[in-house]
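J.: Everything below, folded, please.
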Amino acid sequence: MTIDRRSRVLVAMSGGVDSSVAAALLAEQGDEVVGATMKLWGGETDSGCCSVSDVDDARRVADQLGIDHHVFAFAEEFDEHVVAPYVDAHARGLTPNPCIECNRHLKFDALVARADRLGFDAVATGHHARVVSMADGTRRVGRGADRAKDQSYVLHMLDQPTLARVLFPLGSMTKHEVRRRATQIGLRTADKPDSQDVCFVSSTKGRSGFLGDRMDLHLGRLVDGDGNEVGQVAAIELVTVGQRRGLGLAGGAEHRYAVDVDLSTATVTIGTAAELRTRRTTVDRPVWAAGPHVGDVLVQVSAHGEPRPAVLVGDDDGLAVEWANAVRRVAPGQSVVFYDVDRPDTVVGGALAT
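T.: Below you'll find the predicted structure:
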């Protein structure tokens, strides 16, 4: 999308260095920039995200840049689309990714809709990603220049209408370049640490405390591959496939992992690293950048994981990833993101592991 130099751009400003520099870059190039901070979580937080101090940092940066700044209250939407599904996923034995759901429903749905109503031409964020224009006229999410900070994985759900409206000013910059630019400008956020992923889970209460306040946690049995009980876990809802630490297992010659979690019987099956590996992962709820895709892909199963070659087989009613080489089993509920083998820095879609 080509944005006129005097286009009106609403910049999502979280109070961090990335969004601060994104706003500064757009203002420098002559766009009519307005900052917006989304107030999402009113509970306890110490993650450097969603706190009162973050709103203050965003407002002060906007003042320094000479741009207007607004605070949008989306706490109800955040609770409905991010917090409640996070709790529900754990209750069903799934491994959720709340940052992806926040991007899906808040930053690139509620905020874009608000920008439309206010007459903005585009929405910009400080994500390390790019919008890639394809030869057929479609757009895709592309990796950011800084591979260590690339956020294409958590943006894989963006569709064509959204990709036509969003800007990622930092897509061609490394994190070092972003901080250096912030220092040159004199932004108060230049040295501010990056936020943690789950902004609503504080370090004082942790995941178990947060979930324990909102759902019942149940004792679970640990069994080996033969069904012999070898231990217990205090909360089976907190165990995820692939987990090794926190299972209370005595040390041995070989590490043991959770290879299956069955909430219906409150049972966690443990096994070796070899038993955790698989050649096939079934997925559902696929989303596509520009239409369904089957055949060869590169697949990433975590925000900064290594993309691995695979083949997508089936269709939207029954889709599976067949791996070129055996990989660690993907936890149910985890996002599985597909990249183009011919253009490996571009996203073709994604789905949830089952």
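
J.: Specify the local secondary structure of Asp79.
T.: Classification of Asp79 by DSSP: H, G, I helix; E, B strand; the rest coil places it in helix.

J.: residue ranges with poor pLDDT in the chain?
T.: Across the chain, residues meeting the criterion (pLDDT under 70) sit at 1-6, 43-51, 196-197, 251-253.

J.: domains of it?
T.: The chain is divided into the following domains under automatic domain parsing: 8-126+169-185, 216-271, 277-353.

J.: Redo those domains as TSV? Include distance to His156 and mean neighbour count.
T.: C-beta here means a position set from N, CA and C on the backbone, and glycine is covered the same way. Putting the domains of the chain into TSV (distance: least, Cβ to Cβ, whole Å; neighbours: other Cβ atoms under 10 Å) gives the following:
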stretch	distance to His156	mean neighbour count
domain 8-126+169-185	8	19
domain 216-271	20	15
domain 277-353	4	17
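
J.: closest one to Thr204 among those domains?
T.: domain 8-126+169-185 (7.1 Å; Cβ to Cβ).

J.: quick one: the helices in the stretch 51-200 of the chain?
T.: 52-65, 75-78, 84-91, 98-102, 111-117, 160-163, 175-185 (DSSP state H, counting those that start in this stretch).

J.: Please name whichever of those is nearest to Ala331.
T.: Going by Cβ to Cβ, the one of the helices of the stretch 51-200 of the chain nearest Ala331 is helix 84-91, 10.6 Å.

J.: before we move on, the earlier item: what would the helices of the stretch 51-200 of the chain look like in a markdown table with distance to Ser152?
T.: Shown next, in a markdown table, are the helices of the stretch 51-200 of the chain (distance: least, Cβ to Cβ, whole Å):
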| stretch | distance to Ser152 |
| --- | --- |
| helix 52-65 | 24 |
| helix 75-78 | 23 |
| helix 84-91 | 22 |
| helix 98-102 | 12 |
| helix 111-117 | 18 |
| helix 160-163 | 12 |
| helix 175-185 | 15 |
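
J.: Of all the ones you listed, which one comes closest to Thr354?
T.: Nearest of the helices of the stretch 51-200 of the chain to Thr354, taken as Cβ to Cβ: helix 84-91 at 12.7 Å.

J.: hey, C-alpha coordinates of the closest one in CSV?
T.: The C-alpha coordinates for helix 84-91 follow below in CSV (Å, rounded to 0.1, in the frame of the first residue of the first chain):
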residue,chain,number,x,y,z
ALA,A,84,-11.2,-15.4,29.0
PRO,A,85,-9.9,-17.6,26.1
TYR,A,86,-6.6,-18.0,27.9
VAL,A,87,-8.3,-19.3,31.0
ASP,A,88,-10.6,-21.5,28.9
ALA,A,89,-7.7,-23.0,26.9
HIS,A,90,-5.9,-24.1,30.1
ALA,A,91,-9.2,-25.6,31.4
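
J.: Between the domains of the chain, which one is closest to Arg207.
T.: Nearest of these to Arg207, taken as Cβ to Cβ: domain 216-271 at 6.5 Å.

J.: So what's the gap between the closest one and the chain middle?
T.: Taking Cα atoms, centre = their mean, to the nearest Å, the mean C-alpha location of domain 216-271 is offset from the chain mean by 26 Å.

J.: coming back round to it: quick one: closest of the domains of the chain to Gln160.
T.: Gln160 lies closest to domain 277-353 among the domains of the chain, at 6.3 Å (Cβ to Cβ).

J.: mind checking the end-to-end distance for the closest one?
T.: Domain 277-353 has an end-to-end distance of 15 Å (criterion: Cα to Cα, to the nearest Å).

J.: ok, back up a step: what's the closest of the helices of the stretch 51-200 of the chain to Val283?
T.: Val283 lies closest to helix 98-102 among the helices of the stretch 51-200 of the chain, at 14.2 Å (Cβ to Cβ).

J.: got the contact list for Ile67?
T.: Contact analysis of Ile67 by Cβ atoms under 8 Å, 6 or more residues apart in numbering lists Ala23, Ala27, Val33, Val34, Gly35.

J.: Identify the residue spatially nearest to Phe78, adjacent ones excluded.
T.: What sits nearest to Phe78 in space, not counting adjacent residues and going by Cβ to Cβ, 6 or more residues apart in numbering, is Leu40, at 4.0 Å.

J.: Check Gly42 too.
T.: Ala75 (5.6 Å).

J.: Double-check Pro286 against Thr354; I have them as touching.
T.: No. With contact defined as Cβ atoms under 8 Å, Pro286 does not reach Thr354; the gap is 11.4 Å.

J.: picking that back up, can I assume the residue nearest to Phe78 is in contact with Phe72?
T.: No. The criterion here is Cβ under 8 Å, and Leu40 misses it with Phe72 at 9.3 Å.

J.: Now do stretch 41-60: distance from first to last residue.
T.: Using Cα to Cα, one end of stretch 41-60 lies 20 Å from the other.

J.: scratch that, stretch 244-259
T.: End-to-end distance of stretch 244-259: 10 Å, with Cα to Cα as the criterion.

J.: what do you get for stretch 164-174?
T.: 24 Å.

J.: contacting residues around it?
T.: Here stretch 164-174 has contacts from 1, 3, 9, 18, 21-22, 25-26, 108, 112, 115, 122-131, 139, 142, 144-146, 149, 158, 178, 181, using Cβ under 8 Å, 6+ apart.

J.: can we see that at 6 Å?
T.: The contact list for stretch 164-174 (Cβ atoms under 6 Å, 6 or more residues apart in numbering) reads 1, 18, 22, 25-26, 122-124, 126-130, 144-146, 178.

J.: Could you do stretch 229-237 as well?
T.: Applying Cβ under 6 Å, 6+ apart, the contact partners of stretch 229-237 are His90, Leu217, His218, Gly220, Arg221, Leu222, Val223, Asp224, Val239, Gly248, Leu249, Ala266.
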